[in-house]
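Visitor: okay, sequence plus prediction incoming.
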Amino acid sequence: MDDRVGSSRSGLVAFASFAFAAHPGHSVLVVPETVLGRDEAGTWVTTVRLDGVPPAMRAAEPVRRPGRVRFVDASVSAHRYREVVRAAVARIEAGEVDKVVLARDQLAVAEGDVDPRHLLGRLAAANPGCWTFCVDGLVGSTPEMLLRRTGDEVFSRVLAGTAFPGRRWPDGVPPELSDSGKDRAEHEYAVRSVLGGLEPFTGRLVAGEPTVLRLPTLVHLETDVRGVLAPDAPGLLSILDSLHPSAAVGGTPTDAALELIARLEPLERGRYAGPVGWINADGDGEFGIALRCGQLDGPQVRLFAGCGVVAESDPDTEAAEAGAKFRALSDALLAEQPEEPDEGTTMTATTHTATHFPHLVDDLARVRQLLAATVRVGDQRINEPCANLVRNNGRLFRPTLVLTSAYPFAPPGPASERVITAAAIVELLHVATLYHDDLCDSAQTRRGLPTVNALYGDTVALLCGDHLLACCVELLGGLGSDAVLLFAETLKGLCNGQFLETVDVGDLDRGEAAYFESIAGKTAKLMSSSAALGAMQAGAGPREQKVMASYGHHLGIAFQIWDDLLDLWSAVDTGKPRFGDLRNGVYTLPVIHGLRDQPELADLLLAQPLTDEHCGRILALLDEAGARESSLAAAREHVGAALGSLAELGDDLVAEVAPRLLGVARELMPEVEQLLVAVLGEDGGR
Ligand SMILES: C=C(O[C@@H]1C=C(C(=O)O)C=C[C@H]1O)C(=O)O
């Protein structure tokens with residue numbers, strides 16, 4: 001060996017990543033042919049020659065970006081995880097263990113293969129206090145150093161006890177964390193397990209005082225442990241063997257905790273939570289615990305996160321904490337996402353809508369600006385979740401409905417400030433309800449991105465929704481009492497629709513009337529009010545406002561029927577789980593129709609659990625009953641009714657306005673485009 005640098009990281013080094021458990025266990029040790037090293041003193045290259053032949057050097061390929069990334073549930077959904085935590089608390093109360101660490105996973109799916117270098121660069125830049133690693137596709141940034149050996153000195157950084165936005169804001173030194181008996185106890189277990197693991201090999205061993213380690217999305221209690229090895233101490237890997245698994249990733253007592261993990265945790269950890277690091281030819285090296293990491297597999301990354309569970313643990317809080325731990329990697333994956341394609345701004349001048357409403361694209365940009373300015377709050381940590389869905393704002397469908405319902409009644413030119421304000425209000429109201437919906441449903445993703453409740457916890461999601469409702473009221477202040485009353489009626493309608501759906505859950509006697517009343521509130525009301533509010537702010541009279549409300553209402557009903565059909569028959573990935581309604585006991589129009597002709601559907605619908613096979617049989621019976629066609633026919637009727645409403649605008653307006661508004665509907669809603677074919681014939685009335 002010819003080592004002219006003489007640093008502990010130069011010369012022969014191996015990178016290793018060990019499986020968490022012996023069975024199933026697949027550990028990896030890599031001795032690279034070439035290592036490019038760098039520290040404060042300089043940069044060096046180490047090459048390993050096999051049979052005296054130097055490794056071939058290749059020019060590096062440019063780092064590839066993963067493109068758009070979506071997140072989906074893997075083996076353990078947040079819901080399942082809560083159940084696992086609940087079961088663990090019961091075992092702890094029964095005296096089986098004092099603490100057990102349980103993990104869940106999540107799958108990130110990118111457009112293209114994920115380049116580990118892309119992730120490494122982002123992770124290292126965002127987590128300067130951590131150790132960033134990649135060994136054979138296991139990529140992450142761990143804050144926890146299991147063992148560093150330098151000559152006869154050893155060092156370990158023990159973490160346990162966590163606070164995160166949504167549970168306790170890490171504001172200043174988080175007093176709740178350092179005073180919390182639960183976190184203290186959890187932390188004590190972890191420190192003791194590391195001290196116990198090192199004791200047999202050390203002459204001197206000192207644990208410092210617990211301090212607070214701040215990471216971008218979390219804070220932890222940390223204790224640094226330092227010791228001097230006894231002269232007869234074994235090598236680094238043997239000491240690691242005695243330290244792993246510490247209580248930070250296993251539990252206390254170790255064996256009983258491992259047994260409980262094997263019984264309760266429905267996933268394979270692989271190398272997650274195992275030691276990961278490097279070792280040199282003298283036996284010096286560093287091994288962190290593989291946390292805040294994921295396993296790469298082409299375009300997929302399986303993310304892992306675990307939490308220490310003790311007697312006082314609350315399942316919701318642990319689920320949210322796991323969500324916060326995923327963020328180290330999910331933020332790195334999401335960095336520099338390509339912009340969401342946004343039909344609001346990408347409409348080109350050649351499309352129908354932009355031709356007939358020449359100010360629409362610019363006016364939508366003004367709406368977007370107003371939205372961003374209205375939701376902003378002073379504290380960046382709160383700003384982030386509040387702005388989340390406003391930024392990730394899909395097709396701005398409702399604001400477009402406001403604007404295009406205003407133009408026909410206003411003088412030519414850009415929309416007035418009042419109309420822009422109205423457009424922002426309906427979007428804020430819509431987004432506020434999405435925050436609350438996702439919270440109620442424990443939804444983990446929306447539009448392919450993690451939800452605010454998944455990222456920041458339920459409390460933050462609830463408060464964000466409330467904050468946005470307050471923003472609506474603030475903007476309404478400028479529009480006068482008619483707008484305020486319409487807003488109140490709309491929000492009441494939304495709640496009423498949702499209430500009705502909720503009380504009808506699992507009710508096989510739910511009839512058509514109940515279904516239509518519910519969707520009129522939960523979906524159509526906001527679309528109806530958007531159209532009416534646009535017209536109102538542009539100066540239209542009560543009669544015209546009513547016509548526009550009716551147009552919006554019928555479009556909304558058609559839209560919802562279509563959405564309900566997709567839940568059953570969609571062949572394409574809508575981003576929502578298929579058969580979600582059936583599984584939640586929400587009986588929509590096709591099911592209501594089907595039950596009329598096929599009473600045997602009832603038993604299938606009530607099966608517990610409702611498997612994919614059950615759903616397949618339900619679908620077959622619905623098809624037999626012609627429920628799909630009859631529901632489609634109902635949706636078409638409402639598209640027809642929307643057009644019929646416009647006919648009442650009066651001769652001077654109708655000829656000019658009706659086709660334009662129809663064009664808006666068809667451009668914004670692929671659903672309407674499909675339904676129109678039947679209403680207007682194959683040429684779609686162009
Ligand atoms: C298990 C993980 O983290 C460990 C568990 C902690 C806790 O429960 O408070 C804190 C830090 C880590 O020791 C993980 O990130 O997956």
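Guide: Thanks, I have it.
Visitor: for Thr46, list the residues it contacts.
Guide: Shown in contact with Thr46 (CB atoms under 8 Å, 6 or more residues apart in numbering): 3, 10-13, 34-35, 37. From N, CA and C alone the C-beta is placed, and that goes for glycine too.
Visitor: so it: helix, strand or coil?
Guide: strand (DSSP: H, G, I helix; E, B strand; the rest coil).
Visitor: go on, Leu296?
Guide: Strictly by three-state DSSP, Leu296 counts as strand.
Visitor: likewise the one 5 residues further on?
Guide: Recorded secondary structure, Val301: strand (three-state DSSP).
Visitor: number of residues surrounding it?
Guide: 27 (other CB atoms under 10 Å).
Visitor: quick check: it vs the ligand, distance?
Guide: Applying CB to the nearest ligand atom, to the nearest Å, the value for Val301 to the ligand is 15 Å.
Visitor: contacting residues for that residue?
Guide: 107-108, 110, 114, 139, 294-295, 329, 333.
Visitor: now, the most widely separated pair of those residues?
Guide: By the measure CB to CB, Leu107 and Val139 form the most distant pair in the contacts of Val301, at 14.6 Å.
Visitor: ok, these two, which is more surrounded?
Guide: For the pair Leu107 and Val139, the greater number of neighbours falls to Val139 (25 against 16), based on other CB under 10 Å.
Visitor: surely the more buried one and Phe133 touch.
Guide: Yes. In this structure, Val139 is within contact of Phe133 by CB atoms under 8 Å, at 7.1 Å.
Visitor: joint contacts of those two?
Guide: With CB under 8 Å, 6+ apart as the test, Val139 and Phe133 both reach Cys293.
Visitor: could you save the contacts of Val301 as JSON lines and add columns showing secondary structure and distance to Leu159?
Guide: Below are the contacts of Val301 laid out as JSON lines (DSSP: H, G, I helix; E, B strand; the rest coil; distance: CB to CB, whole Å):
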{"residue": "Leu107", "secondary structure": "strand", "distance to Leu159": "26"}
{"residue": "Ala108", "secondary structure": "strand", "distance to Leu159": "24"}
{"residue": "Ala110", "secondary structure": "strand", "distance to Leu159": "29"}
{"residue": "Val114", "secondary structure": "coil", "distance to Leu159": "27"}
{"residue": "Val139", "secondary structure": "strand", "distance to Leu159": "20"}
{"residue": "Gly294", "secondary structure": "strand", "distance to Leu159": "19"}
{"residue": "Gln295", "secondary structure": "strand", "distance to Leu159": "22"}
{"residue": "Leu329", "secondary structure": "helix", "distance to Leu159": "17"}
{"residue": "Leu333", "secondary structure": "helix", "distance to Leu159": "23"}
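Visitor: most neighbours among the residues you listed, which one?
Guide: Counting by other CB under 10 Å, top hit in those: Gly294 with 29 neighbours.
Visitor: contacting residues for that one?
Guide: Gly294 touches 108, 138-140, 301-304, 329, counting by CB under 8 Å, 6+ apart.
Visitor: try 7 Å this time
Guide: By CB atoms under 7 Å, 6 or more residues apart in numbering, the contact set of Gly294 is 139-140, 301-304, 329.
Visitor: pick the one among the residues you listed closest to the ligand.
Guide: Phe304 (6.1 Å; CB to the nearest ligand atom).
Visitor: still on that earlier bit, in strands only, show me the contacts of Thr46.
Guide: Taking DSSP state E, the ones among the contacts of Thr46 that sit in strands are 13, 34-35, 37.
Visitor: of these, select the buried ones using a PyMOL command.
Guide: Per 16 or more other CB atoms under 10 Å, the buried members of the ones in strands among the contacts of Thr46 correspond to this PyMOL selection:
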select buried, resi 13+35
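Visitor: now the two most distant members of the ones in strands among the contacts of Thr46.
Guide: Farthest-apart pair in the ones in strands among the contacts of Thr46 is Val13 and Thr34; separation 11.2 Å (CB to CB).
Visitor: residues from the chain in reach of the ligand?
Guide: Residues of the chain found near the ligand (CB under 6 Å from any ligand atom) are 101, 103, 144, 159-162, 220, 248-249, 291-292, 305-308, 325.
Visitor: got a ChimeraX select line for the buried ones in the residues you listed?
Guide: Entered in ChimeraX, the line below selects the buried ones among the residues of the chain next to the ligand, by 16+ other CB under 10 Å:
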select :101,103,144,159,160,161,162,220,248,249,291,292,305,306,307,308,325
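Visitor: in CSV, list the ones in strands among the contacts of Thr46 along with pLDDT.
Guide: Below are these laid out as CSV (pLDDT from 0 to 100):
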residue, pLDDT
Val13, 94
Thr34, 90
Val35, 91
Gly37, 92
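Visitor: now, among the ones in strands among the contacts of Thr46, which is nearest to the ligand?
Guide: Nearest to the ligand out of these is Val13 (CB to the nearest ligand atom; 25.9 Å).
Visitor: return the residues in contact with the closest one.
Guide: Taking CB under 7 Å, 6+ apart, we find Val13 in contact with 35, 278-280.
Visitor: one more pass at 8 Å, please.
Guide: Taking CB under 8 Å, 6+ apart, one finds 31-32, 35, 46, 278-281, 285 in contact with Val13.
Visitor: for ChimeraX, write the select line for the buried members of the residues you listed.
Guide: To isolate the buried subset of these in ChimeraX, counting by 16+ other CB under 10 Å, use the following:
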select :35,46,278,279,280,285
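Visitor: reformat the contacts of Val13 as TSV; add secondary structure.
Guide: Shown next, in TSV, are the contacts of Val13 (three-state DSSP):
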residue	secondary structure
Val31	coil
Pro32	coil
Val35	strand
Thr46	strand
Trp278	strand
Ile279	strand
Asn280	strand
Ala281	coil
Gly285	strand
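Visitor: burial measure for Ala59, as a count.
Guide: For Ala59, the neighbour count with other CB under 10 Å is 4.
Visitor: secondary structure class of it, three-state.
Guide: coil.
Visitor: roughly how far does it sit from the ligand?
Guide: For Ala59, the distance to the ligand - CB to the nearest ligand atom - is 37 Å.
Visitor: contacting residues around that residue?
Guide: Contacts of Ala59 (CB under 8 Å, 6+ apart): none.
Visitor: pLDDT at it, what is it?
Guide: Per-residue pLDDT puts Ala59 at 76.
Visitor: now Phe559
Guide: 89.
Visitor: can you report how many residues neighbour it?
Guide: Residues near Phe559, counting by other CB under 10 Å, number 24.
Visitor: figure out the helix or strand that it lives in.
Guide: Using DSSP states H and E, Phe559 falls within helix 542-569.
Visitor: other SSEs contacting that helix?
Guide: helix 397-406, helix 512-519, helix 525-537, helix 580-584, helix 589-597, helix 612-624, helix 627-646, helix 670-680 (3 or more CB pairs under 8 Å, 6 or more residues apart in numbering; DSSP states H and E).
Visitor: how about the shortest one: buried residues?
Guide: In terms of neighbour count (16+ other CB under 10 Å), helix 580-584 has its buried residues at 581-582.
Visitor: if you skip the residues just before and after it, what's nearest to Arg82?
Guide: In space, and not counting its chain neighbours, Arg82 is closest to Pro315: 3.8 Å by CB to CB, 6 or more residues apart in numbering.
Visitor: low pLDDT regions in the chain?
Guide: Within the chain, the stretches with pLDDT under 70 are 165-180, 336-355, 391-394, 447-448, 571-577, 666-686.
Visitor: for the most centrally placed residue in the chain, grab phi and psi.
Guide: Nearest residue to the geometric centre of the chain (CA atoms, centre = their mean): Pro450, 0.8 Å. Per-residue torsions, Pro450: phi -60, psi 140 (degrees, to the nearest 10).
Visitor: excluding residues flanking it in the chain, which one is nearest it?
Guide: Phe71 (5.4 Å).
Visitor: check which helix or strand the one you found maps to.
Guide: strand 69-73.
Visitor: hmm, who's touching that strand?
Guide: Against strand 69-73 from outside (CB under 8 Å, 6+ apart): 106-111, 330, 333-334, 337, 444-445, 448-450, 575.
Visitor: list the buried residues of that strand.
Guide: Buried, per 16+ other CB under 10 Å, within strand 69-73: 69-73.
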